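Asker: generate coordinates for the sequence data below:
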Amino acid sequence: MQAILRGSGVKLRSLAEVAELPEIDEDGDSFLANAVKKAVESARLSGRLVLADDSGLEVPALGGEPGVHSARYAGPNSSDSQNTEKLLRRMLGIQQRQARFVCVLALANPLGLIGTAEGEVRGRIALTPSGQGGFGYDPVFVPQGHKQSFAELSEDCKNQLSHRQQALQNALKTKLLK
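Answerer: This is a model prediction of the structure:
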């Protein structure tokens, strides 16, 4: 996120740098619910302004899966490759391979929620993984207008297209991040 915000005047710091906090359970039924919960609870516990993110992949042909379970799609403590393998198994024989990455940002202070912003990038799920960059589902996600997966694109190119970039830009446009 800091690379995306370069030049905006916004400086982000990891909560690990400023406070030891318990892990917040992402038990919401939407990206919005999880982002808000993480921001509000972390701000209350740390006494600081907190920007939280909840992101994931949605595939309409799978009823929106993996959705809020993107990081744990293949089970608790599953690796990126295990999650991707499960996704590709579920997609076998499916011709409609549209997908979207979603990012919801929530900003809170110790008194509560200040606001939210959302971003998305649309694309499709490739038949096989390709590329070494990125993380998560990047090797199988091909953004609209491109032939390469997120894992094959340069970091700068991916940052210009990504759902996080869209969410951060929306947050800047709406003055959520001043």
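
Asker: now the closest residue to Gly75 other than its chain neighbours: how far from Glu155?
Answerer: Distance criterion CB to CB, 6 or more residues apart in numbering; nearest residue to Gly75, sequence neighbours excluded, is Gln82 at 7.6 Å. Bear in mind the C-beta positions are built from the backbone N, C-alpha and C, glycine included. Remark: distance between Gln82 and Glu155 (CB to CB, to the nearest Å) = 24 Å.

Asker: and what of Gly64?
Answerer: Separation of Gly64 from Glu155 (CB to CB) stands at 28 Å.

Asker: between these two, point out the one with more neighbours.
Answerer: Gly64 (14 against 11; other CB atoms under 10 Å).

Asker: what's near enough to touch that one?
Answerer: Glu58 (CB atoms under 8 Å, 6 or more residues apart in numbering).

Asker: does it count as helix, strand or coil?
Answerer: Look at Gly64: counting by DSSP: H, G, I helix; E, B strand; the rest coil, its state is coil.

Asker: equivalent analysis for Val102, please.
Answerer: Per three-state DSSP, Val102 ends up strand.

Asker: how about Gln132?
Answerer: Under the three-state scheme (three-state DSSP), Gln132 adopts coil.

Asker: and for it, nearest residue in space, chain neighbours not counted?
Answerer: Nearest to Gln132 is Ala151, by CB to CB, 6+ apart, at 6.3 Å.

Asker: for Asn83, same thing?
Answerer: Closest to Asn83 by CB to CB, 6+ apart is Tyr73, at 4.3 Å.

Asker: Pro66 now?
Answerer: Using CB to CB, 6+ apart, the closest residue to Pro66 is Tyr73 (3.9 Å).

Asker: you'd agree the one you found is up against Glu58?
Answerer: No - using CB atoms under 8 Å, Tyr73 makes no contact with Glu58, being 11.6 Å away.
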